[in-house]
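[1] Sequence isn't available, so here's the structure alone:
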Ligand code: SAH
């Protein structure tokens, strides 16, 4: 066995049915069968993943003890295991073409995992992940809800997102303090936003940093022109804007900058 390490967010899933359901949520479209598993740990998901016909699997695990355990328990997967920090890893070296990501994620880095997904969105066709329910809720939240935020807007611009099911703490060893949830993201058809993307990210971040203020106030530091400031859209707060609204706003602001 592997002794669970808190610092690495290790909570091992004990429930085989849930493991099967998570793996079953992967909707692989053949011949696209490249899959990265983040944090295989002792391999509860890996076992089912490796049964998928023709799968081209890579396992990214930071913990040396788990890596040794996996190599011993699944000798046929020896060459598929990469001992590395997912956040530091060059994904282009792992797979030259598009791939899916799956995992029972280390909860302390789940937001960072999704920011990395965004950076590689043209290669990450799908994500099936278990994470703390609170973050899953935020990612899937629709405009107008309290949990709608930066990650919701940025991810929903490029992915169709579904909350699949909740998972209680008791099925892990050791149990985490929070509820968990499994979420699936599938790449949508948008290849490029219809606006300057760097500016889009900046505006989304700034708007949500002061989410209780109207956009007129939250975006003050951008020195909006009087004509833009006067628009009714600027009476709204960040959480009321759809992805499309943020794109329109970015275009409006961009057009008037010198
Ligand atoms: N998939 C296993 C383990 C989940 S716990 C299961 O469901 O039981 C999270 C796993 O992520 C642990 O094995 C931990 O060692 C690994 N991990 C933590 N940080 C990581 C990182 N930065 N890169 C890769 N793996 C990481």
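    Cool, got the structure. What you see is a predicted model, and the numbers here were worked out from it, not measured in a lab. Numbering: from 1, shown residues only.

[2] isn't residue 35 right next to residue 101, touching?
    Yes - in this structure, residue 35 is within contact of residue 101 by CB atoms under 8 Å, at 7.5 Å. The way it works is simple: take the backbone N, C-alpha and C, and place the C-beta from them, glycine included.

[3] The two: who's more crowded?
    Taking other CB atoms under 10 Å, residue 35 and residue 101 do not tie; residue 101 has more neighbours (26 against 22).

[4] Look up the closest residue to the more buried one, ignoring the ones flanking it.
    Taking CB to CB, 6 or more residues apart in numbering as the measure, residue 101 lies nearest to residue 127, with 4.7 Å between them; neighbours along the chain are not counted.

[5] what's across from that neighbour in the sheet?
    residue 101, residue 185 (DSSP bridges).

[6] who touches the helix or strand hosting residue 181?
    Take DSSP states H and E as the rule and residue 181 turns out to sit in strand 180-187. With CB atoms under 8 Å, 6 or more residues apart in numbering as the test, strand 180-187 has contacts from 21-22, 25, 27, 117, 121, 124-133, 136-137, 139-140, 155, 158-169, 172.

[7] one more time with 6 Å
    Strand 180-187 is contacted from outside by 22, 25, 125-130, 133, 136, 159-167, using CB atoms under 6 Å, 6 or more residues apart in numbering.

[8] how about it: buried residues?
    If you call a residue buried by 16 or more other CB atoms under 10 Å, then strand 180-187 has these buried ones: 180, 181, 182, 183, 184, 185, 187.

[9] returning to that earlier point: ok, how many other residues are close to the residue nearest to residue 101?
    Taking other CB under 10 Å as the definition, residue 127 ends up with a neighbour count of 25.

[10] can you check residue 144 too?
    Other residues within reach of residue 144 by the criterion other CB under 10 Å amount to 10.

[11] for the one residue in the stretch 1-150 of the chain that gets nearest to the ligand, phi and psi?
    Closest approach between the stretch 1-150 of the chain and the ligand, counting by CB to the nearest ligand atom: residue 39, at 2.1 Å. With angles defined as degrees, to the nearest 10, residue 39 sits at phi 60, psi 60.

[12] Surely it and residue 106 touch.
    Yes - shown here, residue 39 and residue 106 form a contact pair, counting by CB atoms under 6 Å, at 5.4 Å.

[13] Of the contacts of strand 180-187, grab the buried ones for ChimeraX.
    Listed next is the ChimeraX selection for buried residues among the contacts of strand 180-187, using 16+ other CB under 10 Å:
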select :22,25,125,126,127,128,129,130,133,136,159,161,164,167
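
[14] Which members of the contacts of strand 180-187 occur in strands, if any?
    Cross-referencing the contacts of strand 180-187 against strands under DSSP state E gives 125-130, 159-167.

[15] Would you check which pair of these lies furthest apart?
    Spanning the widest gap among these are 125 and 166, at 25.1 Å by CB to CB.

[16] Give me every residue in the stretch 51-200 of the chain lying close to the ligand.
    Within the stretch 51-200 of the chain, the positions adjacent to the ligand are 60, 61, 62, 63, 66, 85, 86, 87, 104, 106, 109 by CB under 6 Å from any ligand atom.

[17] how long is stretch 10-19 end to end?
    The straight-line separation of the ends of stretch 10-19 (CA to CA, to the nearest Å) is 16 Å.
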